[in-house]
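Participant: need a structure here:
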Amino acid sequence: MRLTLHTDYALRTLIYLGVNGERRSSTAEIARAYRISESHLTKVVHKLGQLGLIRTTRGRGGGLRLGRPAAEICLGTVVRATEEDFALVACFSGAACVLTPSCRLQQVLGDALNAFLAVLDQVTLADLIGGSGGAVAQLLGLEAPRTQTPL
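Facilitator: Numbers count the residues shown, from 1 in each chain. So this is what the prediction gives:
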């Protein structure tokens, strides 16, 4: 299984904003830090805003911040909301297969997918940045992490 770039960028954006603390960030700043497409990241930021995971403020002094505390942002929720589908094989999306009447593969892959998501459900953004926030901030060219409070 491979996550889409959309999900990858969403997770990276949340990490950036979580480590950046109270300071507002711009889409351009985040794109530069990760060396990724700003236009693609703009779509990701829009989705994260719709989900309430980030808050966006326009104009002078505006920017992006987390929309809720990092401890309340569950990775499983983010992945489910940003992935287009979880059809690991064609039969997951209703495609015909001659094996369907007696196939056990679909059940095994379904169980594996559920286990994958169950692990992500146990991890919050705070877990990701908690112990390594200073190191991550340094890698991203940010000041030391600060406590994040929602708007």
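Participant: Would you state the helices of the chain in chain order?
Facilitator: Assigned by DSSP state H, the helices in the chain fall at 5-20, 27-34, 38-50, 75-82, 105-121, 125-130, 133-139.
Participant: tell me the most buried of the ones you listed?
Facilitator: helix 5-20 (a mean of 22; mean count of other Cβ atoms under 10 Å). Placement of C-beta: from N, CA and C, glycine included.
Participant: And the contacts of that helix?
Facilitator: Contacts with helix 5-20, where a contact means Cβ atoms under 8 Å, 6 or more residues apart in numbering, come from 25, 30, 33-34, 36, 40-41, 43-45, 47-48, 53-54, 64-66, 70, 73, 75, 78-79, 82-84, 125-126, 128-129, 133, 136-137, 140, 142, 145-146, 148.
Participant: switch to 6 Å and redo it
Facilitator: For helix 5-20, the external contacting residues (Cβ atoms under 6 Å, 6 or more residues apart in numbering) are 30, 34, 41, 44, 48, 66, 70, 78-79, 82-83, 125, 129, 133, 136-137, 142, 145.
Participant: for V45, what are its contacts?
Facilitator: Residues near V45 by Cβ under 6 Å, 6+ apart: T27.
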